[in-house]
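>>> Let's see this in three dimensions:
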Amino acid sequence: MSALTALARLRAIRDGSAQPITTVRHCHLAPQPLVFIPLSLSGEAAAPLAAMVGTDPGHPRLLVVPQPRNRDLRFAFAAELAEVVLPYVEGFCKVTETVERRGGEPYERCLDAPQILVPNRQGVAFLGLLGRSTRFRRIDGPYPVHPSVPLLGRWLTYFADRSQQPGSCLLMSATEALGAHWASGQSGLEDANLGALLSWIDPPA
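Residues are numbered from 1 along each chain as shown. Modelled structure (predicted):
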């Protein structure tokens, strides 16, 4: 933490509201990101209880797993999630441009890229675990899953891997993005709670 950030935190405590520590936004925010809010079972990796997902704040889709320890229900949840995530990602493949390479064959590239927003770093970790648990599932033989499930797993793994690269905005944690622009009057651990951080940035009356 720099001296200026420490000073901003002290001012936040004094004033009761977060203090800006940047003058411009330092991360790309897509016009229509896919927001994913997971709720997982404590003590068991990649066991979802519920999730809210969508691109329209007024009409999100709620996915629920009545019994997270039931593997069939968990993969049914993954198939429902794929119904939302895969069309969103594939929609960016429809608008492309041809790029000429000097001394090579021209190739097509997409003009824009998808972006997934999760509340905090734990949401990023959950997506990575969910991707690892679904990307190698078989669609035939014993215990088959829907064909969209392994494809969803590969995409989630890709997004989780990109989130480890500095400057990548394909999968973003809201608390980390906000924490890079605002200094609150609470600890870094408390800043990992999106609701608590937002109460500092936009305090109630």
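
>>> Three-state assignment for the residue of the chain positioned farthest from its centre, please.
Outermost residue of the chain with respect to the C-alpha centroid, by C-alpha atoms, centre = their mean, is residue 103; its distance is 38.4 Å. Classification of residue 103 by DSSP: H, G, I helix; E, B strand; the rest coil places it in coil.

>>> again with residue 139
Under three-state DSSP, residue 139 comes out as coil.

>>> Select the longest helix from the chain.
Counting residues, the longest helix found in the chain (DSSP state H) is helix 71-90.

>>> Residues contacting that helix, please?
34, 46-48, 51, 53-55, 61, 63-68, 114, 116, 130, 134, 137, 143, 145-146, 148-149, 151-153, 155-156 (C-beta atoms under 8 Å, 6 or more residues apart in numbering). Glycine gets a C-beta too; all of them are placed from N, C-alpha and C.

>>> for the chain, what are the low-confidence residue spans?
Scanning the chain for pLDDT under 70 picks out nothing.

>>> ranges for the strands of it?
19-20, 34-40, 48-54, 61-64, 96-99, 107-110, 116-118, 171-173, 182-183 (DSSP state E).

>>> Any chance of TSV for those, columns distance to residue 77 and mean neighbour count?
Below are these laid out as TSV (distance: least, C-beta to C-beta, whole Å; neighbours: other C-beta atoms under 10 Å):
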stretch	distance to residue 77	mean neighbour count
strand 19-20	39	16
strand 34-40	10	19
strand 48-54	5	18
strand 61-64	6	14
strand 96-99	32	10
strand 107-110	28	10
strand 116-118	16	23
strand 171-173	19	22
strand 182-183	34	22
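
>>> Output the ones you listed in JSON lines; the columns should cover distance to residue 3.
Putting the strands of the chain into JSON lines (distance: least, C-beta to C-beta, whole Å) gives the following:
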{"stretch": "strand 19-20", "distance to residue 3": "14"}
{"stretch": "strand 34-40", "distance to residue 3": "35"}
{"stretch": "strand 48-54", "distance to residue 3": "40"}
{"stretch": "strand 61-64", "distance to residue 3": "45"}
{"stretch": "strand 96-99", "distance to residue 3": "45"}
{"stretch": "strand 107-110", "distance to residue 3": "42"}
{"stretch": "strand 116-118", "distance to residue 3": "31"}
{"stretch": "strand 171-173", "distance to residue 3": "26"}
{"stretch": "strand 182-183", "distance to residue 3": "12"}
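
>>> circling back to that earlier point, off-centre distance for the longest helix of the chain?
15 Å (C-alpha atoms, centre = their mean, to the nearest Å).

>>> Check which residues of that helix are buried.
74-78, 80-82, 84-85, 88-89 (16 or more other C-beta atoms under 10 Å).

>>> swap in stretch 177-196?
Using 16+ other C-beta under 10 Å as the test for burial, stretch 177-196 gives 177-179, 181-186, 191-192, 194.

>>> Farthest pair within those residues?
177 and 185 (18.9 Å; C-beta to C-beta).
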